[in-house]
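Asker: have a look at this prediction, sequence included:
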Amino acid sequence: MSGQRFSYFYAAFNEMKKYDSLAELITDYREAKGLTQLDLAGKINVDIKTIGRWENGLSLIKQDKEDDVVDALFLP
């Protein structure tokens with residue numbers, strides 16, 4: 001993740017509620033954007049099961065998908 005994107009993410013994270021897990025953060029941001037798991041999966045070209053695993057804390061986002069997730073969920 002680039003330094004600029006990380007800075008944006010960190011600032012947004014600190015202004016919002018504190019999350020106990022990345023899974024909870026992804027779920028909240030997806031819902032705040034009005035996206036379903038299927039919508040998000042389509043935007044970042046992953047299977048819907050992958051989104052479910054991320055949101056349930058069963059797996060982490062692979063490095064090659066980090067920027068896609070940031071673009072889909074965190075940038076205004």
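Answerer: That came in fine, so what should we check first? All values derive from a computational prediction rather than experimental measurement.
Asker: list the buried residues in the helix or strand in which Lys49 is found.
Answerer: When secondary structure is defined by DSSP states H and E, Lys49 falls within helix 48-55. Buried positions in helix 48-55, judged by neighbour count with 16 or more other Cβ atoms under 10 Å: 50-51, 53-55. (Glycine included, C-beta is placed from N, CA and C.)
Asker: now stretch 18-34
Answerer: Within stretch 18-34, the residues that qualify as buried are 23, 25-27, 29-30, counting by 16+ other Cβ under 10 Å.
Asker: how about residues contacting the helix holding Lys49?
Answerer: Contact partners of helix 48-55, identified using Cβ atoms under 8 Å, 6 or more residues apart in numbering, comprise 22-23, 26-27, 30, 37-38, 40-41, 58-61.
Asker: mind listing what the residue nearest the centre of the chain touches?
Answerer: Central residue check for the chain by Cα atoms, centre = their mean: the C-alpha nearest the mean position is that of Ile26, 4.0 Å away. Taking Cβ under 8 Å, 6+ apart, we find Ile26 in contact with 54-55, 69, 73.
Asker: after the helix or strand of the chain with the lowest mean pLDDT comes which helix or strand?
Answerer: Of all helical and strand segments in the chain, the minimum by mean pLDDT, DSSP states H and E falls on helix 3-15, at a mean of 60. Scanning forward in sequence from helix 3-15 by DSSP H and E, the next helix or strand is helix 22-32.
Asker: of all the buried residues of helix 48-55, which comes closest to Lys18?
Answerer: Glu55 (17.8 Å; Cβ to Cβ).
Asker: flag the shaky bits of this structure, pLDDT-wise.
Answerer: Per-residue confidence for the chain (pLDDT under 70) gives these ranges: 1-16, 75-76.
Asker: Lys65: how many residues sit nearby?
Answerer: The burial count assigned to Lys65 is 16, neighbours taken as other Cβ atoms under 10 Å.
Asker: state the distance from it to Thr36.
Answerer: Counting by Cβ to Cβ, to the nearest Å, the separation of Lys65 from Thr36 is 18 Å.
Asker: Phe74 too?
Answerer: Distance check for Phe74 against Thr36: by Cβ to Cβ, it reads 18 Å.
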